[in-house]
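> Predicted structure and sequence below. I'll ask about it afterward.
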Amino acid sequence: MTDFLGRWTSKSEENKQLVAQELLIAEVTEMIWSAMQTGGITKTELANRLGSTKGYASQVLNGSRNMTLRTLSDICYALNQKLTITISPQCLKSQKMIRR
């Protein structure tokens, strides 16, 4: 799988960006799952704490629903966790500035 991703991402900047997005989503949701497991909190309990449905919590946790920073903040609050974010360079080779 890593070889495939390596080849695919080397084809375009857009592919690199998509992979970076998916990796961030996976990393964040894994951290949430870990916090839930440590706290003994189920999806149903998380949904109750968020004032939402279990389906909504499932969609956020499986990446099928866009997780905004506000949603992430609400989830961390519901789990009694503090989110710390660090931004650092990915690599020194050919980084392109993305302007929006």
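The structure has been received and is ready for your questions. Being a predicted model, the structure only gives us computed values, none of them experimental.

> roughly how far apart are the spatially most central residue of the chain and Gly40?
Here the mean C-alpha position of the chain is nearest to the C-alpha of Ile25 (C-alpha atoms, centre = their mean), at a distance of 2.4 Å. Distance, Ile25 to Gly40, using C-beta to C-beta, to the nearest Å: 24 Å. Yep, even glycine has a C-beta here, placed from its N, CA and C like the rest.

> Mind giving me the packing neighbours of the worst-scoring helix or strand of the chain on mean pLDDT?
For the chain, scoring each helix and strand by mean pLDDT, DSSP states H and E identifies helix 2-9 as the least confident one, at a mean of 78. Contact here means 3 or more C-beta pairs under 8 Å, 6 or more residues apart in numbering; DSSP states H and E; on that basis helix 2-9 packs against helix 13-39.

> coming back round to it: out of everything not next to it in sequence, what's closest to the residue nearest to the centre of the chain?
Leaving aside its sequence neighbours, Ile25 sits nearest to Gly63 (C-beta to C-beta, 6 or more residues apart in numbering; 4.9 Å).

> how about the least confident helix or strand of the chain: buried residues?
Thr9 (16 or more other C-beta atoms under 10 Å).

> Which residues outside it are in contact with it?
Helix 2-9 is contacted by residues Asn15, Lys16, Val19 when judged by C-beta atoms under 8 Å, 6 or more residues apart in numbering.

> Roughly how far does the nearest residue to the last one once chain neighbours are set aside sit from Glu30?
Across the structure, with C-beta to C-beta, 6+ apart as the measure, the residue nearest Val19 apart from its sequence neighbours is Thr9 (5.1 Å). Relative to Glu30, Thr9 is positioned 20 Å away (C-beta to C-beta).

> quick one on the thing from earlier: top of the contacts of helix 2-9 by number of neighbours, please.
Lys16 (17 neighbours; other C-beta atoms under 10 Å).

> do you know how far that one is from Gly6?
Between Lys16 and Gly6 the computed distance is 11 Å (C-beta to C-beta).

> next one: Lys43
Following C-beta to C-beta, the distance that separates Lys43 from Gly6 is 34 Å.

> just Glu22 next, same as before
For Glu22, the distance to Gly6 - C-beta to C-beta - is 14 Å.
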